[in-house]
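[1] what would the 3D arrangement of this be:
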Amino acid sequence: MIAADLISAIEKYAPLALKEEHDPTGFQIGRRDKVVKRVLVTLDVRPEVVQEAIDQNIDFIFAHHPVMFRPARNLDLAIPQNQMYADLIRHDITVYAAHTNLDKTQGGMNDWLAKALQLTDVEPFNVTSYVPMAKLVTFVPVSHEKTVREALNRAGAGRIGDYTDCSFSSTGTGRFTPDALATPFIGQKNQAEAVTEVKLEVTFPQSQAPQMIAAMLAAHPYQEPVYDLISLANQQQPIGIGRIGQAATPMTVRDYAQFVCETFDVAGLRLISNTPDKVVKRVAIVGGDGGKFYPAAIQAHADVYITGDVYYHTGHDMLADGLSVIDPGHHIESIVKTEMSRIFEQWAQENDWQVEIIKSWQKTDPFTFIFNAK
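    Reported below is the predicted structural model:
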């Protein structure tokens with residue numbers, strides 16, 4: 001496997017089209033043609049993480065946060081950040097980041113956080129756009145239906161809400177006559193044929209149509225596969241950076257804050273609430289710095305909003321607007337290490353990649369809680 005193979009899979013899972021306008025997500029440092037045998041998964045790329053990668057002979061670092069969020073003003077190696085870039089280049093380590101696109105995509109960051117909180121009936125909130133969907137319909141001999149269907153699933157087709165690998169198959173009769181120049185998979189030249197075929201249907205975002213057609217054609221046995229590409233007016237995938245759902249067990253705001261502490265294994269958190277004894281039923285969450293999205297949580301009728309890095313004056317606004325907010329910090333997004341490692345291992349198995357996936361053991365949270373002993 002080369003880096004480009006893994007990058008292609010990542011960008012199918014979390015399309016770059018989903019990223020926020022000024023987010024420098026995507027390819028960061030290195031070579032796309034780099035042979036990859038060992039992958040390190042991390043939340044942040046910091047000097048200690050890079051040293052970990054060097055010590056473990058890592059070829060590719062996947063991070064949630066872009067390493068080059070702010071451009072370097074010079075290449076003075078006395079500056080630790082610049083030395084880190086030099087170390088990555090010297091040791092031929094390729095770095096890729098999926099940030100706000102991973103926050104928004106189905107099955108991404110905020111879905112993982114919602115799942116950790118055991119939320120049910122989860123849906124996007126702060127919906128800013130809808131992804132137009134398409135359907136691909138093709139006709140396959142019975143012997144190759146599974147091959148073509150699995151190829152389309154690997155390419156990313158068939159994701160509907162919380163379900164993956166969705167498709168529909170029906171059986172019918174295909175009729176054709178190969179002409180003198182044909183090289184038919186079934187039948188003889190200049191003889192009419194009637195063949196039992198499977199009509200296979202899958203859906204996907206319209207922007208992914210070229211790769212879906214390519215995957216279908218590569219797996220299809222026919223010389224001239226027949227297919228229909230249909231734009232769907234009735235199915236639009238909502239895109240929002242946050243998630244909202246129902247609490248598994250109703251409890252007070254105060255008790256829910258403790259539950260959040262325990263769920264994400266944080267030493268402490270900040271609670272903003274005028275109503276700590278209110279019962280929580282509906283919960284909204286945005287991983288990372290999501291203070292600016294709190295009005296959307298109110299509009300979505302959340303009883304409590306969970307996000308990090310809440311600013312002082314924004315906290316006042318939240319209180320004034322009657323919203324309870326739990327701020328467990330930015331580092332709860334370290335869930336990316338477990339979840340993306342799982343996804344990478346699944347892809348490696350499906351694609352027969354000979355690669356080892358390693359979760360970074362470095363804790364990159366810069367904050368330590370000091371409790372008042374008095």
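[2] ok, residue 251 - contacts?
    The contact partners of residue 251, taken as C-beta atoms under 8 Å, 6 or more residues apart in numbering, are 259, 279, 280. Using the backbone N, CA and C atoms, a C-beta is placed for each residue, glycine as well.
[3] is it in a bridge, and if so with what?
    Note on residue 251: beta-bridge partners by DSSP bridges are residue 280.
[4] that older thread, which one (most neighbours) among the contacts of residue 251?
    Highest neighbour count within the contacts of residue 251, by other C-beta atoms under 10 Å: residue 280, with 22 neighbours.
[5] residue 253 is in contact with that residue, correct?
    Yes: the pair residue 280 / residue 253 is scored as a contact, 5.7 Å apart, by C-beta atoms under 8 Å.
[6] which neighbours do the two share?
    Here residue 280 and residue 253 have 303, 304, 324 as joint contacts, going by C-beta under 8 Å, 6+ apart.
[7] mind listing what the residue nearest to the first one when sequence neighbours are not counted touches?
    Read that as residue 303. Leaving out its chain neighbours, the residue that sits closest to residue 303 by C-beta to C-beta, 6 or more residues apart in numbering is residue 280, at 4.6 Å. When contacts are counted by C-beta under 8 Å, 6+ apart, residue 280 touches 247, 250, 251, 252, 253, 256, 303, 304, 324.
[8] surely residue 93 and residue 58 touch.
    Yes: using C-beta under 8 Å, residue 93 makes contact with residue 58 at a distance of 6.0 Å.
[9] strands along the protein, start to end?
    Here the chain has its strands, by DSSP state E, at 26-29, 38-42, 60-63, 94-97, 120-141, 168-176, 193-205, 227-252, 270-272, 279-289, 304-308, 324-327, 356-359.
[10] how about those in a markdown table, adding distance to residue 77 and mean pLDDT?
    As requested, the strands of the chain are exported to a markdown table (distance: least, C-beta to C-beta, whole Å; pLDDT from 0 to 100):
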| stretch | distance to residue 77 | mean pLDDT |
| --- | --- | --- |
| strand 26-29 | 15 | 97 |
| strand 38-42 | 22 | 99 |
| strand 60-63 | 20 | 99 |
| strand 94-97 | 18 | 99 |
| strand 120-141 | 41 | 92 |
| strand 168-176 | 58 | 93 |
| strand 193-205 | 43 | 93 |
| strand 227-252 | 37 | 91 |
| strand 270-272 | 38 | 98 |
| strand 279-289 | 30 | 98 |
| strand 304-308 | 32 | 99 |
| strand 324-327 | 37 | 98 |
| strand 356-359 | 27 | 98 |
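[11] quick one: the closest residue to residue 104 other than its chain neighbours from residue 244, how far?
    Spatially, and ignoring its direct neighbours in sequence, residue 104 is nearest to residue 18 (4.5 Å; C-beta to C-beta, 6+ apart). Using C-beta to C-beta, to the nearest Å, we find residue 18 at a distance of 18 Å from residue 244.
[12] repeat for residue 265
    Relative to residue 244, residue 265 is positioned 23 Å away (C-beta to C-beta).
[13] with neighbour numbers in mind, choose between those two.
    Ranked by neighbour count (other C-beta under 10 Å), residue 265 and residue 244 place residue 244 first, with 25 against 10.
[14] could I get the contacting residues of the more buried one?
    Counting by C-beta under 8 Å, 6+ apart, residue 244 makes contact with 119, 122, 123, 124, 125, 282, 283, 284, 285, 297, 300, 302.
[15] what's the neighbour count on the fourth one?
    Number of residues near residue 124 (other C-beta under 10 Å) recorded here: 19.
[16] which one is it nearest to, not counting chain neighbours?
    residue 240 (3.3 Å).
[17] give the contact list for that neighbour.
    Counted by C-beta under 8 Å, 6+ apart, residue 240 has contacts 104, 124, 125, 126, 127, 128, 296.
[18] picking up where we left off before, show the buried residues in the shared contacts of residue 280 and residue 253.
    303, 304, 324 (16 or more other C-beta atoms under 10 Å).
[19] domain map for this structure?
    According to automatic domain parsing, the chain is divided into the following domains: 3-98+333-359, 104-127+239-332, 131-237.
[20] any idea how far residue 264 is from residue 338?
    Distance, residue 264 to residue 338, using C-beta to C-beta: 12 Å.
[21] quick one: which of the two has more around it?
    Using other C-beta under 10 Å, the more surrounded residue of residue 264 and residue 338 is residue 264, with 19 against 13.
[22] my guess is that one meets residue 333, correct?
    No: taking contacts as C-beta under 8 Å, residue 264 lies outside contact range of residue 333: 9.6 Å.
[23] check contacts around residue 304.
    Residue 304 sits next to 253, 256, 273, 280, 282, 283, 284, 323, 324, 325, 326 when contact means C-beta under 8 Å, 6+ apart.
[24] most surrounded residue in those residues?
    Within the contacts of residue 304, residue 284 tops the neighbour count with 30 neighbours, counted by other C-beta under 10 Å.
[25] pull the contacting residues for it.
    Counting by C-beta under 8 Å, 6+ apart, residue 284 makes contact with 125, 242, 243, 244, 296, 297, 300, 302, 304, 305, 306.
[26] quick check, nearest of those to residue 148?
    Among these, residue 243 lies closest to residue 148 (C-beta to C-beta), at 33.2 Å.
[27] didn't the closest one look like it was pressed against residue 121?
    No: using C-beta under 8 Å, residue 243 makes no contact with residue 121, being 10.5 Å away.
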